[in-house]
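Novice: got a sequence here, can you model it:
(one chain, ligands or ions: 1)
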Amino acid sequence: MDIKSASFVMSNSQVEKCPSSQLPEYAFIGRSNVGKSSLINMLTSRKSLAKTSGRPGKTQLINHFLINEKWHLVDLPGYGYARVSKRDKKTFQKFITDYFKQRQELVCAFVLVDSRHEPQKIDLEFMQWLGENEIPFSIIFTKVDKVKPKALERHVNDYNAVLLKTWESLPPFFITSSSKSLGADEVLAYIEEINQS
Ligand code: GDP
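Specialist: Numbering: from 1, shown residues only. This next block holds a predicted model:
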């Protein structure tokens, strides 16, 4: 998919106030510093689209971007340093859980994980929560330029092994590096494919 246009639409903290245009949307979420802003900028071929919404005070909001006048890319707050404990309760601020549970337009969530690390509890718990709430998701491994191929393979396999303990099938996953411009075509092709189906 060629990105012909990408523009910031709005930021808010209430799912009811998200855009009413009913366009399909794809949400990006992950731990703080996982490389989400860089990935969004890579996907959209814009230097600082994600930073636009990253003005102070905007980072803890639901940020909508309109892509090709056809779909919304949604930048969600990083789940950073908050300790994830009891699934649905304190996992995230309520507006994030509301967003996932109520937003009819959401087609797929992309959960970003840092490829340098072994599966992290916080990420696994979040994926578990998405699965339990029947929210389709894919995994995006970020910063693969920082990890040796063998270690990357091990980390991907480790995620798969943990997920297969609970679920019958695995979510799609993508290998990306914003520094090396890797993986954008695959993610965009996947979005295009679902948009057309
Ligand atoms: P966010 O907090 O998840 O939005 O993360 P950022 O996109 O701001 O990136 C966090 C840090 O990781 C920054 O210092 C980026 O330069 C760095 N970073 C992001 N993506 C990559 C990548 O693909 N490779 C490498 N080596 N560093 C990256």
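Novice: next, the nearest residue to residue 76 once chain neighbours are set aside: secondary structure please.
Specialist: Taking Cβ to Cβ, 6 or more residues apart in numbering, and ignoring the residues beside it in sequence, residue 76 has residue 29 as its nearest neighbour in space, at 4.2 Å. The C-beta positions use only the backbone N, C-alpha and C, and glycine is treated the same way. Assigned with DSSP: H, G, I helix; E, B strand; the rest coil, residue 29 falls in the strand class.
Novice: immediately after the longest helix along the chain, which helix or strand?
Specialist: Of all segments of type helix in the chain, defined using DSSP state H, the longest is helix 149-166. On the C-terminal side of helix 149-166, the closest following helix or strand by DSSP states H and E is strand 173-175.
Novice: report the angle between the strand or helix carrying residue 129 and helix 149-166.
Specialist: Using DSSP H and E, the element containing residue 129 is helix 121-132. Following axes from the mean of the first three to the mean of the last three Cα atoms, to 10 degrees, one obtains 40 degrees for the angle between helix 121-132 and helix 149-166.
Novice: lowest confidence element among the helices and strands of this protein?
Specialist: Across the helices and strands of the chain, the lowest-confidence element by mean pLDDT, DSSP states H and E is helix 87-90, at a mean of 48.
Novice: the helix or strand just after it - what's its average pLDDT?
Specialist: Taking DSSP H and E as the definition, the helix or strand that follows helix 87-90 towards the C-terminus is helix 94-102. Helix 94-102 shows a mean pLDDT of 91.
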